[in-house]
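Asker: Just to be clear, the model below is a prediction. Sequence and coordinates:
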Amino acid sequence: MPRQRPSTRLRSEPIRQASGRPGDQSTRRGDDEETGRPEDQDLAENQTRSPSPPLSVAGQSSASAAAKLILCGEHAVVYGRPAIALPLASIRARADVIDGPSGSGIAVHARDLRRRWLVANDPHGPISQLISSVLRYLQAQDTATSDLRITISSTIPIASGMGSGAAVATAIVRALAAHLGRQLSPEEISTLVYASEQRFHGTPSGIDNTVIAYEQPIWFQRAGDGGWAVGESLNDPALPTPLPPTIKPIVIASPLDLLIADTGVRSATRQPVGEVRRRWQAEPAHYEALFNQVGAIVTQARDVLEHGDIATLGPLLSQNHTLLQRIGVSSPELDALVVAALAAGALGAKLSGAGWGGVMLALVAPDRHVRVAAALEQAGAKRVSKTAVNLFRPAPSAL
Ligand code: MEV
C-alpha cells in the first residue's frame, strides 16, 4: 500500500447522550416520518474539524490520531483471516509535547486518566516504553530530548473497541516526531505503535495500529495462519515480529450510514482475545471452521462495498455477529443492542472490536437513523453516534 497522508473519509457525530433509563421516551422519534422531514434534521450535529497534520512551533508540538471501527472480521483476523476496518476521523486522541525545564526529565500527563508520571520513575509502563522506543528509533536520546512534557488527551472511550490505546500511541509517536523535526511514514508509525499494542494486548493482529496510522478504510490480513516469525521487533528484542500483513485500501462505491452504540461496559481487549486463544487451543478444528466462515463474510463484504450494494452488506454484518456469538465474545448487552437495532429496521448489526462490552454498529438507511438510535437507547445504549462513511476510490495502483 502506498504511503498516504491522513484523510477525512469518515465523519462521526454524537447523536445524543442516552438517559441511561431504559424506557425513557423523551426523544421525539417518529415525528419526522409524519412531517416528511428527513430524520437527519432531528439529529444533534456535532461537527468536528478535519484531522490536521502534526504541528510544531517554537518548542511546542501537537498531533492527533483517529479512533477506529472494525466493520467485520475481528478475532478471526488474529488467526490470519481478513478484516475490514475504518478510521473515525472526528473522534480523536491528541498528544502535545513541549520542552521542559533543563534537568526535569520526560514528564507525562494523561489528562483523562488523571495521572502524571516521570518516564524515569515508571520505565516499564506501556506509554513510557513507547516514548523511549520512539526516541530511540528517532535516535534522539540525548540531552536535547531528555526534558520534555507530554500531555495526552482523548475523546475515544477507553476499552470500548474503538482503538483508544492505539490512537493515543499514534498521537504520541506523531507529536514526538514533529517535535524532533522528523516526518515518519504511516508504515513506520504503525510499526512503532504495534510494538506498544503488543505490550498491552499480547497477540494483536496489527489491524488497529494500521487503520489508525494510515487513516483510511483498509482490508487487513496477517500473513500465513497468523503465526509469528522469530526475530527482533523494532527496537525491542523482547517482542516477536509478525510476518508482514497484506494492507489494502477498500473501495467504498456507495456511502454508508452507521450508528455506533456503546454498551457502557468496559472490556480490555486482551481478555476476550486471550479467552478465544484458549478456546482455539482446546478445539482448533472448531474455531478454525468459525474463522473460515468469518473470512468468507469479509471477502463478500469487500465485494459488496466495491459494488455499492448496501442492502447485501447488512445481512453479512448480522451473520458476522452470529459467528462472534459462537466464538464466545458477545455479551447480553451487545446482543440486546443488535436485536433492538434490527427490530427497528437496521439493515444489519454486529458487535465491533474485541467484544464482551464496548460498542456495536448498525448499518442504517438514511430514513431510519432516528428510529434505530432511539431503539438502541431504549435497549440500554449509553451513547449512540452516527458515522457517515463516504465514497472512497483509491488510485487503481493502490489496490
Ligand atoms: C480488536 O480491535 C480487534 C481484535 O481482532 C484483536 C486484534 O485484531 O488484535 C479483537
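Answerer: Everything's here; your move.
Asker: which residues touch the residue in the stretch 251-399 of the chain positioned nearest to the ligand?
Answerer: Residue nearest to the ligand within the stretch 251-399 of the chain (C-beta to the nearest ligand atom): Ala354, separated by 4.0 Å. Just so you know, the C-beta spots here come from the backbone N, C-alpha and C atoms, and that holds for glycine as well. Applying C-beta atoms under 8 Å, 6 or more residues apart in numbering to Ala354 gives the contacts 74-75, 161, 267, 269, 271-273, 329.
Asker: Of all pairs in these, which one spans the longest distance?
Answerer: Glu74 and Gln271 (14.0 Å; C-beta to C-beta).
Asker: Who has more neighbours out of those two?
Answerer: Neighbour tally, Glu74 and Gln271, criterion other C-beta atoms under 10 Å: the higher count belongs to Glu74, 31 against 16.
Asker: element containing the residue nearest to Val251 when sequence neighbours are not counted?
Answerer: Of all residues not flanking Val251 in the chain, Glu306 sits nearest, at 4.4 Å (C-beta to C-beta, 6 or more residues apart in numbering). Assigned by DSSP states H and E, Glu306 belongs to helix 284-307.
Asker: What parts of the stretch 151-300 of the chain come near the ligand?
Answerer: 161, 204-205, 207-208, 269, 273 (C-beta under 6 Å from any ligand atom).
Asker: circling back to that earlier point, can you redo the contacts of Ala354 as a markdown table with secondary structure and pLDDT?
Answerer: Formatted as a markdown table, these follow (DSSP: H, G, I helix; E, B strand; the rest coil; pLDDT from 0 to 100):
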| residue | secondary structure | pLDDT |
| --- | --- | --- |
| Glu74 | coil | 98 |
| His75 | coil | 97 |
| Gly161 | coil | 94 |
| Ser267 | coil | 93 |
| Thr269 | coil | 92 |
| Gln271 | helix | 93 |
| Pro272 | helix | 95 |
| Val273 | helix | 93 |
| Val329 | coil | 98 |
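Asker: from these, which would you call buried?
Answerer: Among the contacts of Ala354, the ones that count as buried by 16 or more other C-beta atoms under 10 Å are 74-75, 161, 267, 269, 271-273, 329.
Asker: For Thr155, state which of the residues you listed is nearest.
Answerer: Gly161 (15.1 Å).
Asker: What separation do you get for the nearest residue in space to that closest one that is not next to it in sequence and Ile327?
Answerer: Excluding its sequence neighbours, the residue lying closest to Gly161 (C-beta to C-beta, 6+ apart) is Gly353, at 2.0 Å. According to C-beta to C-beta, to the nearest Å, Gly353 and Ile327 sit 13 Å apart.
Asker: Mind giving me the packing neighbours of the strand or helix carrying Val173?
Answerer: Per DSSP H and E: Val173 is located in helix 164-179. Where contact means 3 or more C-beta pairs under 8 Å, 6 or more residues apart in numbering; DSSP states H and E, helix 164-179 is packed against strand 55-57, strand 60-72, strand 83-99, helix 126-137, strand 148-154, helix 186-201, helix 207-214.
Asker: Show me how far that helix is from its chain's centre.
Answerer: Relative to its chain's centre, helix 164-179 lies at 14 Å (C-alpha atoms, centre = their mean, to the nearest Å).
Asker: And for stretch 104-113?
Answerer: The answer for stretch 104-113 is 24 Å, by C-alpha atoms, centre = their mean.
Asker: do the same with stretch 110-129
Answerer: 22 Å.
Asker: Not counting its own residues, what contacts that stretch?
Answerer: Outside stretch 110-129, the residues touching it (C-beta under 8 Å, 6+ apart) are 105-109, 131-132, 151-154, 158, 165, 168-169, 172, 196, 199-200, 236.
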